[in-house]
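Engineer: Just the structure for this:
(chains A and B)
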Amino acid sequence: MPTEVLMPALSPTMEEGTLAKWMVKEGDTVSSGDILAEIETDKATMEFEAVDEGTIGKILIEEGTEGVKVNTPIAVLLEEGESADDIGEVSAAPSADSSDDSDEEEAPAPAKAPAAASAPAEVKSNASPDWPEGTEMKEQTVREALRDAMAEEMRADELVYVMGEEVAEYEGAYKVTQGLLDEFGSNRVVDTPITEHGFAGLAVGAAFGGLKPIVEFMTFNFAMQAMDQIINSAAKTLYMSGGQMGAPMVFRGPNGAAARVAAQHSQDYASWYAHIPGLKVVMPYSASDAKGLLKQAIRDPNPVIFLENEILYGRSFEVPVLDDFTIPFGKARIWREGSDVTIVSFGIGMQYALQAADKLAEDGISAEVIDLRTLRPIDYDTVIASVMKTNRCVTVEEGFPVGSIGNHLSATIMERAFDYLDAPVLNCTGKDVPMPYAANLEKLALVTTDEVIAAVKKVTYR
Amino acid sequence: MATRKSAAKPNVSADELKKYYHDMLLIRRFEEKAGQLYGMGLIGGFCHLYIGQEAVVVGLEAAAKEGDKRVTSYRDHGHMLACGMDPNGVMAELTGREGGYSKGKGGSMHMFSKEKDFYGGHGIVGAQVPIGTGLAFADKYLGNDRVSFAYFGDGAANQGQVYESFNMAAVWKLPVIFVIENNQYAMGTAQKRSTSSAEIYKRGEPFGIPGQLVDGMDVLAVKEAGEKAVAHCRSGEGPYILEIKTYRYRGHSMSDPAKYRTREEVQNMREKHDPIEHIRQMLIDGKHATEDDLKSIDKTIKDIVNNSADFAKESPEPALEELWSDIYADEIPQHDA
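Structural biologist: All right, here's what the predicted structure looks like:
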């Protein structure tokens, strides 16, 4: 049967075009690859090649015709043994694919849209303790807790390995990987060249290939070099492969401001990573959370961003003495119960939140302090339940103000607990400036305990 | 292009030749059909055809063994067919349908098959190179003798992460073959306009990585070079670079107006260096196959390709629930706000 040659789509957006010039005439023999015509799209003039071989039986659209819709028959091609008399067999109607047509009519309704604001979801705060009551506790720094978490998981699973700059012989630029080389050897504790983009991508490949990498960035500031591999390769592959393969791995290292290291070494990336579907994002404050959450992160079958803090590394906290304990993602911790205001924070922001709560108590203001611990998933319910009780909320974080985690929480609280609010939600953040070097300016750029206190007084109308 | 030396090779059986002919022709016909479906609006977005470059993947797959891995860029349809992925699944992914390898969620540039050790299909130029190096890292860590093929183009060869990968692969002696498919144009930029040294295969020298230039229009030359590279990697000697000179007949993507090269240049490659015609002549001249034998292969392939197009049109679009699946491996709901 004769084949219709259809007006082709020659770009992702083309709907119609001009048939500028025919390069063949009726009766010509063409083979695959021969230029049939020149077609003008909105962007360029393109040559249109034959796909099938045969003889041009009839030209249906004359050259110079403008506005020829994609899929309109423009010529008829005859196969060997056919003649122009056979052309009648070709249907006159444009043979656009029928399934394509029906698609356009269909108004695709999202199958499972995020719960709409109209029907507030039930609030289910999970305040269960992280370990059994009466568990023996010991003092440990965040640094030691992180090391123990890695060592325990490496003992349990031979597929877990650590790689990064100075993680092995130097024992970590911040001594977080101390002792790991001795115990696990250079096959599993791998010093890399200074090549963040490269080793992040290599680790993604290793994860595709069956390993469970822990990638240490000396600081997350340097992970910007690796951002494409973290987002485009690690976070999106599970989805793009229809669930066939993903990247079970952890990217960890210090994040946010240290002290006097200025703009390029002092950024908090919490909201950057929390923006990305496919990643999980953890930002612990205490040593017990650092340990329990890092063990959970290593076991998680997804890429996890684990944001530590240089200033917190040396700080000591109580850590449970247990052979094995993990803390689930998406479960906030209520550090301090209160009734007048909810202060929500995470990571080093918690120190300002807790200090503020202490001082506010002296003024007779009872603050409930919530540590989110994970920023993807976020334990919204614990925050909402608290706001329903206190009717006021202040968020605290070190990152820049625009598009901050606090902004996102404010929107969520507005959607789910609008009628419970007695004051606008206030966001305490770092200032909207690159981090300055001078000691006095640096202090000014960071969020402070006094600012948290002032925000609380504002929302409590004191 | 180097002269054809392989025509006289005695140690390739008629069956092998026929297989290469079949596999290359399958890619070509598949891609022609994909181009046609794109023209009909059934395939959307970007679609990069492999026509002209078929000998590269078919030759290297002939040098690989079960368990070896491969990863490439967005011009990936040929790689998938050559490693044995189902044409129906590939074509249905191109049309964005449920029966596609990624359930319609990846498209032309993002397809994977764990079963066939095909690790994508990556849309960002050069990003697949560290990933391929990491696949080799995993195999070395696990202590097996598998080899990874990291394919990239002459354009990607100017990305920094390629050299970061060369360095790590050499330092750690990783079993990875860096395959540079040099089709001579990075999108519309000719190699001589973008690349300071034309001999990309020599770029491993500072890292101590051996490199070799290969005629990519000759499947037997590619296979022979591939075997050498594979042997090097499998024996624990570390990485190897193959720069395979090839040519893409079609545009960079479907919307390429092709103003950066002449029609005569393309026509010359097609008529005088076509890799499929080359094997076809060998089969006929060597009396390994008759015209009828080849016609029967052509017919088989036409059926496979037509079936894949039918499948890709008939397979339904993904269920709307698919929007929300495969974001996390454990499917914890992320946004209950």
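
Engineer: helix, strand or coil for whichever residue of the stretch 51-200 of chain B sits closest to chain A?
Structural biologist: With CB to the nearest CB as the measure, B:Gly134 is the residue of the stretch 51-200 of chain B nearest to chain A, at 2.2 Å. Where C-beta positions appear, they are placed from N, C-alpha and C, glycine not excepted. Going by DSSP: H, G, I helix; E, B strand; the rest coil, the secondary structure assigned to B:Gly134 is helix.

Engineer: Equivalent analysis for B:Gly120, please.
Structural biologist: strand.

Engineer: For it, which non-adjacent residue is closest in space?
Structural biologist: Closest residue to B:Gly120 apart from its sequence neighbours, by CB to CB, 6 or more residues apart in numbering or on different chains: B:Phe112 at 5.1 Å.

Engineer: List the contacts of the one you found.
Structural biologist: B:Phe112 makes contacts with A:237, A:240-242, A:244-245, B:101-102, B:106, B:118-121, as judged by CB atoms under 8 Å, 6 or more residues apart in numbering or on different chains.

Engineer: again, 10 Å this time
Structural biologist: A:208, A:237-238, A:240-245, B:71, B:76, B:80, B:85, B:93, B:101-102, B:106, B:118-122 (CB atoms under 10 Å, 6 or more residues apart in numbering or on different chains).

Engineer: and what of A:Asp34?
Structural biologist: Counting by CB under 10 Å, 6+ apart, A:Asp34 has contacts A:Met23, A:Val24, A:Asp28, A:Glu47, A:Glu49, A:Ala50, A:Glu53, B:Gln267.

Engineer: got it, and A:Val76?
Structural biologist: So A:Val76 contacts A:2-5, A:26, A:54-60, A:82, A:84, A:86-87, A:89-90 (CB under 10 Å, 6+ apart).

Engineer: quick one, phi/psi of residue 215?
Structural biologist: Looking at chain A here, since you left the chain open. A:Val215 adopts backbone torsions of phi -100, psi 120, taken as degrees, to the nearest 10.

Engineer: um, chain B though
Structural biologist: The phi/psi pair for B:Asp215 (degrees, to the nearest 10) reads phi -80, psi 110.

Engineer: How far off centre is the host helix or strand of A:Asn427?
Structural biologist: Assigned by DSSP states H and E, A:Asn427 belongs to strand A:426-428. Centroid displacement of strand A:426-428 relative to its chain, using CA atoms, centre = their mean, to the nearest Å, is 23 Å.

Engineer: In it, which residues are buried?
Structural biologist: Along strand A:426-428, these residues count as buried under the neighbour rule (16 or more other CB atoms under 10 Å in any protein chain shown): A:Leu426, A:Asn427, A:Cys428.

Engineer: Can you list the strands that that strand pairs with?
Structural biologist: Here strand A:426-428 has these sheet partners by DSSP bridges: strand A:393-396 (parallel).

Engineer: In the next helix or strand after the partner strand, which residues are buried?
Structural biologist: Next in sequence after strand A:393-396, counting helices and strands by DSSP H and E, comes helix A:405-417. Neighbour-count burial for helix A:405-417, counted by 16+ other CB under 10 Å, picks out A:Ile405, A:Gly406, A:Asn407, A:His408, A:Leu409, A:Ser410, A:Thr412, A:Ile413, A:Glu415, A:Arg416, A:Ala417.

Engineer: Show the contacting residues for the last one.
Structural biologist: Applying CB under 10 Å, 6+ apart, one finds that A:Ala417 lies in contact with A:Pro120, A:Val123, A:Tyr380, A:Val383, A:Ile384, A:Ala385, A:Ser386, A:Val387, A:Met388, A:Asn391, A:Cys393, A:Val425.
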